[in-house]
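Colleague: A predicted structure for the sequence below; I have some questions about it.
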Amino acid sequence: MDSEVPEYRACVSCGRLMPLQAGSKQVYCSQECARENQRCSVCGRWFEKGTGVASLGDLEVCSSDCAKNERRYDHLFKELS
């Protein structure tokens, strides 16, 4: 069997898997994902820069839910018993 195994990479914007040619440096799956994107610091979702909602200070988040200034449950916190 001399066939090559196709190489896949996840799009850095949406996470969709995309097949790559040998030696490809492609990081986005489409033109929409290639626009200037940033990651929401609250939920981790990617969104197009400039389309988010202003939060504390100059911080831009993806939605009004993420902009709420309330304490949320930290999924990394483990209470000692």
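Modeller: Yep, that arrived.
Colleague: Identify all contacting residues around stretch 50-58.
Modeller: 36, 38, 40, 42, 60-64, 66-67, 69 (CB atoms under 8 Å, 6 or more residues apart in numbering). Any C-beta I mention is one placed from the backbone N, CA and C, and that applies to glycine too.
Colleague: Selecting buried members of these in ChimeraX, what would you type?
Modeller: To isolate the buried subset of the contacts of stretch 50-58 in ChimeraX, counting by 16 or more other CB atoms under 10 Å, use the following:
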select :38,40,42,60,61,62,66,67
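Colleague: Just the ones in helices from the contacts of stretch 50-58, please.
Modeller: Among these, the ones falling in helices (DSSP state H) are 64, 66-67.
Colleague: which one of those sits closest to G23?
Modeller: C66 (37.9 Å; CB to CB).
Colleague: about what we covered before: so which of the ones in helices among the contacts of stretch 50-58 comes closest to Y8?
Modeller: Ranked by distance to Y8 (CB to CB), the ones in helices among the contacts of stretch 50-58 are led by C66 at 29.9 Å.
Colleague: Who are the contact partners of the closest residue to that closest one other than its chain neighbours?
Modeller: Distances taken as CB to CB, 6 or more residues apart in numbering put V42 closest to C66, at 3.9 Å, once the chain neighbours are dropped. By CB under 8 Å, 6+ apart, the residues touching V42 are 55, 61-62, 66.
Colleague: Which two of those residues have the greatest separation?
Modeller: S55 and C62, at 9.9 Å, using CB to CB across the contacts of V42.
Colleague: Same list (the ones in helices among the contacts of stretch 50-58) but as TSV, adding distance to K49 and pLDDT.
Modeller: Formatted as TSV, the ones in helices among the contacts of stretch 50-58 follow (distance: CB to CB, whole Å; pLDDT from 0 to 100):
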residue	distance to K49	pLDDT
S64	17	84
C66	15	83
A67	16	82
